[in-house]
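Asks: My questions concern the predicted model and sequence given below.
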Amino acid sequence: MVKKGHIAAFFLIIALLFGLVATSVMGIAREIKLGLDLQGGFEVLYEVHPAHEGDVIDDDVLKSTVTALNQRINVIGVSEPNVAIEGENRIRVQLAGVEDQQTARELLSTEAQLSFRDVNDNLMLDGADLKQGGASVTFSQANQPWVAVTLKDAAKFGEVTSDPAVLGSQLVIWLDYQESDSFMEEMLKPEHERKFISAPTVRSVLNTTNVVIEGTFTLEEAQFLADVLNAGSLPVQLEEVYSNSVGAALGEKAMERTIYAGFIGVALIFLYMIFYYRFMGVIAVLTLSFYVYLVLLIFNWMNAVLTLPGIAALILGVGMAVDANIITYERIKDELRSGKTTLSAFKSGSRRSLSTILDANITTILAASVLFYFGTMAVQGFAVMLIVSILTSFITAVYGSRLLLGLWVNSRILNNKPRLFGVKESEISEL
């Protein structure tokens, strides 16, 4: 006798899942953050060198550099940047959606070491004496853009401006002064080629915290200087060893092609499963569809960034989920060919396939973990998506598929219908 309650439960579950997916999938897709290879942007790999002779590059220095770079990225206004330490002395920066890439690169790489020196290049004040976030653009009476900075201690600036080497002479303002630099040598060059920012004459003692950096700035140059001073100086020197730029149109085209290829691949898998496994293939298609939705949902919960390697890992995860289904379905078909009833074949095949599926998934997770630990950011993104895909596929392909198929098997409507499982009557052994 057919148990119609099991069939009703099946359609109720499918209806609930379909309603959940239909009402939320578009919102989830829009919320997922895209990497620079999908929406355009650029990445730079920096090699970190000591700012001064004798300095050591350790974990604390690298972390401080990452913090300073993030502060500068905030100035640019990039959402969801990726700044990560690689190896012992490298930092990779990925900025998606950046249009003015050259300005962003300059803002990231400049050391922003502001210093005030006398004409003999002796240090009088440096960036540590500036108030954090105290730089801004101001204008002269002739509407010339200048940069105003705020010092921490007015008394200290008074001491500097009262120094005989400064009072009645010039206070030279440098950005990223090098030991080989010389004010006297720079003064012999044309004004537009000089390395120092400005050299105002100090005619009286100044007990103030407000200092204006005068110069022949454009508005953009003055704003850039203010921004880089507010972002803070870097504790190291950065050498660009690799860069990659992806235009927004190219990234969008790559995403369209990848998604199109993914749809074709998944559709071919669905057709194969239905053709070869018949009714069990239909169950597999249902669980695989929910698997894709579930992976995207988890990825969005993780606040992760989706890249081309991530999409590849998602498609690979579909293959892993299909593999789990195939192992289970082949075991069930073997049990049916041995002459067992549909219910016995289902229980025995499900039980016998579990260890094989576990072994395949565990070994793949181990490989993905190694990729994540030793890989670069792109490889790590692939590894994370692969691990999420495998864990999710185990839930949907093993438990989800068995739940749905079990409802039909336990309803007894599939009894004595081996063809619905892809098994011919001639293949069944007589007991």
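Replies: Cool, got the structure. Residues are numbered from 1 along each chain as shown.
Asks: Can you tell me the centre-most residue of the chain?
Replies: Nearest to the mean C-alpha position of the chain, counting by C-alpha atoms, centre = their mean, stands V305 at 4.3 Å.
Asks: my guess is that residue contacts G381, does it?
Replies: Yes - look at V305 against G381 with C-beta atoms under 8 Å: they come within range, at 6.9 Å. Using the backbone N, CA and C atoms, a C-beta is placed for each residue, glycine as well.
Asks: about what we covered before: how close does the residue nearest to the centre of the chain sit to I390?
Replies: Here the criterion is C-beta to C-beta, to the nearest Å. By it, V305 lies 19 Å from I390.
Asks: re earlier: find the residues that touch each one of V305 and G381.
Replies: Residues within reach of V305 and of G381 at once, by C-beta atoms under 8 Å, 6 or more residues apart in numbering, are G35.
Asks: which of the residues in stretch 10-19 are buried?
Replies: Burial within stretch 10-19, assessed by neighbour count using 16 or more other C-beta atoms under 10 Å, is assigned to F10, L17.
Asks: The stretch 1-150 of the chain: strands as residue ranges?
Replies: Assigned by DSSP state E, counting those that start in this stretch, the stretch 1-150 of the chain shows strands spanning 33-34, 41-50, 82-86, 90-96, 114-117, 123-126, 136-139, 145-150.
Asks: roughly how far out does the longest one sit from the chain middle?
Replies: This means strand 41-50. 16 Å (C-alpha atoms, centre = their mean, to the nearest Å).
Asks: Look at L167 and say how many residues are nearby.
Replies: The number of residues packed near L167 is 16, by other C-beta atoms under 10 Å.
Asks: what comes up buried for the helix or strand hosting V409?
Replies: V409 belongs to helix 401-410 when assigned by DSSP states H and E. Using 16+ other C-beta under 10 Å as the test for burial, helix 401-410 gives S401, R402, L404, L405, G406, L407, W408, V409, N410.
Asks: How about the contacts made by the residue nearest to the third one when sequence neighbours are not counted?
Replies: The shortest distance from L404 to any residue that is not its chain neighbour, by C-beta to C-beta, 6 or more residues apart in numbering, is 5.1 Å, and that residue is I283. Applying C-beta under 8 Å, 6+ apart, one finds that I283 lies in contact with S401, L404, L405, W408.
Asks: let's see 10 Å
Replies: Counting by C-beta atoms under 10 Å, 6 or more residues apart in numbering, I283 makes contact with 10, 273-274, 277, 325, 329, 400-408.
Asks: Go through these and name the one nearest T23.
Replies: Distance to T23 across these (C-beta to C-beta) is lowest for G400, with 19.6 Å.
Asks: measure that closest one to S64 for me?
Replies: 47 Å.
Asks: ok, those two, which is more surrounded?
Replies: Between G400 and S64, counted using other C-beta under 10 Å, G400 has the larger neighbour count: 24 against 14.
Asks: Quick check: which element contains the residue lying closest to that one once chain neighbours are set aside?
Replies: Computed as C-beta to C-beta, 6+ apart, the closest residue to G400 that is not its neighbour in sequence is T287, at 4.5 Å. Assigned by DSSP H and E, T287 belongs to helix 279-301.
Asks: Next SSE downstream of that helix?
Replies: strand 305-306.
Asks: Packing partners of that following strand?
Replies: Where contact means 3 or more C-beta pairs under 10 Å, 6 or more residues apart in numbering; DSSP states H and E, strand 305-306 is packed against strand 33-34, helix 36-39, helix 279-301, helix 377-393.
Asks: buried ones in the top helix by length along the chain?
Replies: Ranked by residue count under DSSP state H, the longest helix found in the chain is helix 342-374. By neighbour count with 16+ other C-beta under 10 Å, helix 342-374 contains the buried residues 342, 345-350, 352-354, 357, 360-361, 364-365, 368, 371-372.
Asks: Where does the spatially closest residue to F42 that is not a sequence neighbour sit: helix, strand or coil?
Replies: Excluding the flanking residues, the one nearest F42 by C-beta to C-beta, 6+ apart is S245, at 4.3 Å. What DSSP: H, G, I helix; E, B strand; the rest coil gives for S245 is strand.
Asks: S245 contacts E43, doesn't it?
Replies: Yes - the criterion here is C-beta atoms under 10 Å, and S245 meets it with E43 at 8.2 Å.
Asks: any common contacting residues for those two?
Replies: L36.
Asks: which residues touch the helix or strand bottoming out on mean pLDDT in the chain?
Replies: Lowest mean confidence among the helices and strands of the chain (mean pLDDT, DSSP states H and E): helix 36-39, at a mean of 72. Applying C-beta under 10 Å, 6+ apart, the external contacts of helix 36-39 come out as 32-33, 42-43, 81-82, 94-98, 244-246, 248, 250-256, 258-259, 305-311, 378, 381.
Asks: Now do L391 against E239, distance only.
Replies: Counting by C-beta to C-beta, the separation of L391 from E239 is 40 Å.
Asks: right, I mislabeled it, should have said W174
Replies: Using C-beta to C-beta, we find W174 at a distance of 21 Å from E239.
Asks: before we move on, what about T201?
Replies: In terms of C-beta to C-beta, T201 sits 37 Å off from E239.
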